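Peer 1: Sequence below, structure please.
(one chain, ligands or ions: 1)
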Amino acid sequence: MNILAIESSCDDTAAAVVKDGRTVLSSCVSSQIEMHTIYGGVVPEIASRKHIEAVYGLADQALSDAGLTRSDLDAIAVTYAPGLIGAVLVGVNFAKGAAMSLGLPLIPVHHVRGHIAANYITHPDLEPPFVCLCVSGGTTAIVDVKSYTDMEILGGTRDDAAGECFDKVARVLGIGYPGGAPMDKLAQGGDDRKYELPVAHVAGAELDMSFSGLKTASLNLIHNAQQKGEELDLPAFAASFGRAVSDSLVPRSMAALRSKGYGKLAVAGGVAANSRIRADLQAACAKTGDKLYLPELRYCGDNAAMIGCQGFYEYQAGHLAGLDLNAYATRDIFLG
Ligand code: KG4
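Peer 2: Numbering: from 1, shown residues only. Alright, predicted model coming up:
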């Protein structure tokens, strides 16, 4: 079954063709980063307009890269939630038009379910049930993936997402947008014990997290140093920051895994590219004997291949939409 998948929830327009949920025939991503960099973050209105300009050509590109024509397609899958509402709407409306004109089924895919499915591309042997740590610019959650389409959030952030925290701190340091990758690079070789940054605990909810205190403490530290004319040891700061984020994510993921007893932990989302978090998870799983699944770096960030992959399983479960499909800025993962 060949699925044309469309993703436009934030600042990447993406189209892909995926065969039978696991084989990526093509994956095209058009990034808007350059456009938003001058503003230090995503400008929703600009994002929507850029998606409109890119989506049609990218879908054609994905088809031709796959060596297919429109008549070879069996369904259209699209991210319908969550995301910047204007941006998501562009993909949804394009997908509805494509499904209607080609007479194909329309499959709505939850963006975070898509991130989780990126692991199916990299690891052909991975099947539910497993626990997945989902960490991106908008989401930080530990998910019980009971089946391909039955999921439950076991714990998550009470405020900022981990990626958002990376981005804010990097912006104040002036090292680029989005900030996660430059912070990761800066941290290499830095002394991760030099700066003591807070790791919050949520009373009575051991799997929940909070990153707003870490963000505030980091920004205060940077501003204090600036006001006193002191030079911050940037690699040490970035390494200490990475340690604090990892110390929030890793023990909770391991505790969730222990409580479920699946023996399989996957990671998903843009922050899953972080070298410190990957290394700490690898060390933790090596210690417990649990199996760790990390997506390939190119499938950590937003892409449409992951949407085509999850779309296949949603289709198999009968989760289809009509042409009245709407886009949602927020939506629970268990609703699909
Ligand atoms: O999954 P994604 O592309 O978009 C969302 O669905 O949110 O994630 C983007 C987030 C950004 O916050 C970015 O700074 C972060 O992923 N990110 C990283 C790294 N690469 C990307 N964070 C930490 N370390 C990285 N290497």
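Peer 1: and the helix or strand of the chain with the lowest mean pLDDT, does that touch the ligand?
Peer 2: Using mean pLDDT, DSSP states H and E, the weakest-scoring helix or strand in the chain turns out to be helix 33-37, at a mean of 90. No: remark: helix 33-37 sits outside contact range of the ligand, by C-beta under 6 Å from any ligand atom, the gap being at least 10.3 Å. C-beta: built from backbone N, CA, C; applies to glycine.
Peer 1: buried residues in that helix?
Peer 2: H36 (16 or more other C-beta atoms under 10 Å).
Peer 1: Kindly spell out which helices and strands sit in contact with that helix.
Peer 2: helix 44-66 (3 or more C-beta pairs under 8 Å, 6 or more residues apart in numbering; DSSP states H and E).
Peer 1: next helix or strand past the helix it packs on?
Peer 2: strand 75-81 (DSSP states H and E).
Peer 1: And the helices in the stretch 201-336 of the chain?
Peer 2: Per DSSP state H, counting those that start in this stretch, the stretch 201-336 of the chain carries helices over the ranges 212-228, 234-260, 275-288, 305-316.
Peer 1: deepest of these, which one?
Peer 2: helix 305-316 (a mean of 28; mean count of other C-beta atoms under 10 Å).
Peer 1: which residues are in contact with that one?
Peer 2: 1, 3-7, 14, 16-18, 20-22, 24, 27, 75, 77-79, 105, 107-111, 113-118, 120-121, 148-149, 299, 320, 336 (C-beta atoms under 8 Å, 6 or more residues apart in numbering).
Peer 1: Drop anything exposed from these.
Peer 2: Judged by 16+ other C-beta under 10 Å, buried ones among those: 3-7, 14, 16-18, 21, 24, 27, 75, 77-79, 107-111, 113-118, 120-121, 148-149, 299, 336.
Peer 1: what does stretch 33-40 rub up against?
Peer 2: D11, V42, V43, I46, A47, K50, R171, G176, Y177, P178.
Peer 1: Out of the helices of the stretch 201-336 of the chain, flag the one nearest Y56.
Peer 2: Closest to Y56 of those is helix 305-316 (C-beta to C-beta; 17.1 Å).
Peer 1: Quick one: mean pLDDT over the closest one.
Peer 2: The average pLDDT within helix 305-316 is 98.
Peer 1: How about stretch 235-245?
Peer 2: 98.
Peer 1: who touches the residue in the stretch 51-200 of the chain that the ligand sits nearest to in this structure?
Peer 2: As assessed by C-beta to the nearest ligand atom, the ligand sits closest to G180 within the stretch 51-200 of the chain, at 2.1 Å. G180 sits next to G163, F166, D167, A170, G270, V271, A273, N274 when contact means C-beta under 8 Å, 6+ apart.
Peer 1: Scan the residues you listed and report the most crowded one.
Peer 2: With neighbours taken as other C-beta atoms under 10 Å, the top of these is F166, carrying 30 neighbours.
Peer 1: ok, the residue sitting nearest the centre point of the chain - contacts?
Peer 2: Closest residue to the average C-alpha location of the chain: G269 at 2.6 Å, with C-alpha atoms, centre = their mean. G269 makes contact with V112, H115, C134, V135, S136, T139, G163, C300, according to C-beta under 8 Å, 6+ apart.
Peer 1: Reformat these into JSON lines and put distance to the ligand, pLDDT and secondary structure next to each item.
Peer 2: Shown next, in JSON lines, are these (distance: C-beta to the nearest ligand atom, whole Å; pLDDT from 0 to 100; DSSP: H, G, I helix; E, B strand; the rest coil):
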{"residue": "V112", "distance to the ligand": "8", "pLDDT": "97", "secondary structure": "helix"}
{"residue": "H115", "distance to the ligand": "6", "pLDDT": "98", "secondary structure": "helix"}
{"residue": "C134", "distance to the ligand": "9", "pLDDT": "98", "secondary structure": "strand"}
{"residue": "V135", "distance to the ligand": "8", "pLDDT": "98", "secondary structure": "strand"}
{"residue": "S136", "distance to the ligand": "3", "pLDDT": "95", "secondary structure": "coil"}
{"residue": "T139", "distance to the ligand": "7", "pLDDT": "94", "secondary structure": "coil"}
{"residue": "G163", "distance to the ligand": "3", "pLDDT": "97", "secondary structure": "helix"}
{"residue": "C300", "distance to the ligand": "7", "pLDDT": "96", "secondary structure": "coil"}
